[in-house]
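Enquirer: Sharing a sequence plus its predicted fold:
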Amino acid sequence: MKLVIQIPCYNEEKSLPITLEALPKKLEGIDEIEVLIINDGSTDGTIDVAKKYGVKNIVDMHHNSGLAKAFVAGLQKALELGADIIVNTDADNQYCADDIEKIVKPILDKDADIVIGSRPVSKIKHFSLLKKFLQKTGSLVMRLISSTNVEDAPSGFRAFSRNAALQLNVFDNYTYTLETIIQSKAKGLRLKCVPINVNPELRESKLVKNIFDYVRRSIFTMIRMFVIYRPFRFFSILAGLFFSIGILIGIRFLYFYCFAGSGSGHIQSLILSAILIIIGVQISVIAVLSELFSINRKLLEDIQRRLKSQDLKKF
């Protein structure tokens, strides 16, 4: 059983040594551990530090492409290295390396395909009250959208089985954390959360430079992934909204027409009601068509997984 610990890095020469030194050298149930550095266009001595600490596997992105693309490049390389389990952690030593054993255990026990380390958000001292509130609210919304029991949606401390890594696709250029949660449910992958510890802050987050921009991007990602992986539900809800409003306005017109005797003065309500109901019908048709496209996408993704598996046999 081979474990690959991947670490996306962007200018991490100061924090990377601390992170590498803390990584476990042996784990129960794991025969081999390899470290993989994804250098996301660093302009400092990140690569030199990695080599100094004996890291042999380095993916060089040549220019800064963002966390999401670095994550995907890491998964691909880890699969090529023959990983049975892939752990993703941050280069700033935010996550406690001793907890790697915790997040790989459910996969070793065949109880999960993806494991997310849930941070004690309420107890993290360097998180502001606003950030704690937004983290919890975001995780709640993600639970509703994805129909999973995820406790800490933004957590990047995760373990993936080989099967899960073969199936995941990341379309977002900003982050992979939310998208992979929605995909896990849509693809029938078992997701589990385990409590983890965090280390004192070494530096400010490079991903969350502006909390409101992060919230905006996260909301956009949630909506986009909900449309992609739950299209019928999304458009059905939208159609139902137009239907409901149209019918309510129609009932209002009927009230004035039949009981108040002033229907002619509310003809605009009848017109608006008809327009809204027609829009609802059109969106319902879109819901059916989108479900057909969704089925086609699933078939293509299954073909993609099979092709990936065949290509990886060459390595």
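Expert: Received it, and whenever you're ready, just let me know what you need. Keep in mind the model is a prediction, meaning the values are calculated, not measured.
Enquirer: Pull the contacting residues for Arg224.
Expert: Counting by CB atoms under 8 Å, 6 or more residues apart in numbering, Arg224 makes contact with 171-172. C-beta here means a position set from N, CA and C on the backbone, and glycine is covered the same way.
Enquirer: now do Asp84
Expert: Per CB under 8 Å, 6+ apart, neighbours of Asp84: 1-3, 161-162.
Enquirer: what comes up buried for the lowest-mean-pLDDT helix or strand in the chain?
Expert: Lowest mean confidence among the helices and strands of the chain (mean pLDDT, DSSP states H and E): helix 211-229, at a mean of 80. For helix 211-229, the buried set under the neighbour-count rule, 16 or more other CB atoms under 10 Å, comprises 214, 217-218, 221-222, 225-226, 228-229.
Enquirer: What subset of the contacts of Asp84 is buried?
Expert: Buried, going by 16+ other CB under 10 Å: 2-3, 161-162, out of these.
Enquirer: In those residues, find the pair that's most separated.
Expert: Farthest pair in the buried ones among the contacts of Asp84 (CB to CB) is Lys2 and Ser161. Separation: 12.0 Å.
Enquirer: shared neighbours, these two?
Expert: Common neighbours of Lys2 and Ser161 (CB under 8 Å, 6+ apart) are 84-85.
Enquirer: Which of the helices or strands spans Phe235?
Expert: Using DSSP states H and E, Phe235 sits in helix 231-255.
Enquirer: in terms of contact count, name the helices or strands touching that helix.
Expert: Contacts defined by 3 or more CB pairs under 8 Å, 6 or more residues apart in numbering; DSSP states H and E place helix 231-255 against helix 211-229, helix 267-312.
Enquirer: and the longest one with helix 231-255, angle?
Expert: When you say that, I think you mean helix 267-312. 170 degrees (axes from the mean of the first three to the mean of the last three CA atoms, to 10 degrees).
Enquirer: quick one, helix 267-312 and helix 211-229 angle?
Expert: 80 degrees.
Enquirer: show me what contacts the residue most central in space within the chain?
Expert: By CA atoms, centre = their mean, the chain has its centre lying nearest to Leu178, at 2.4 Å. Listed by CB under 8 Å, 6+ apart, the contact partners of Leu178 are 142, 153-154, 172, 218, 221-222, 225.
Enquirer: and among the helices and strands packed on helix 231-255, the most buried is which?
Expert: Neighbour counts (mean count of other CB atoms under 10 Å) averaged over each of those peak at helix 211-229, with a mean of 16.
Enquirer: Now do Ala112: how many residues are near it, please.
Expert: Residues lying near Ala112 (other CB atoms under 10 Å) number 24.
Enquirer: start the count at 38, not 1, going forward
Expert: All right, first residue 38 from here; so that's Ala149.
Enquirer: Enumerate every residue touching the residue nearest to Ile282 when sequence neighbours are not counted.
Expert: With CB to CB, 6 or more residues apart in numbering as the criterion, Ile282 has its nearest non-adjacent residue at 5.4 Å, and that residue is Leu313. Residues near Leu313 by CB under 8 Å, 6+ apart: 279-280, 282-283, 286.
Enquirer: can you do 7 Å?
Expert: Applying CB atoms under 7 Å, 6 or more residues apart in numbering to Leu313 gives the contacts 279, 282-283, 286.
Enquirer: how close does Asn206 sit to Met262?
Expert: Asn206 sits 11 Å away from Met262 when distances are taken as CB to CB, to the nearest Å.
Enquirer: go on, Asp136?
Expert: As judged by CB to CB, Asp136 and Met262 stand 27 Å apart.
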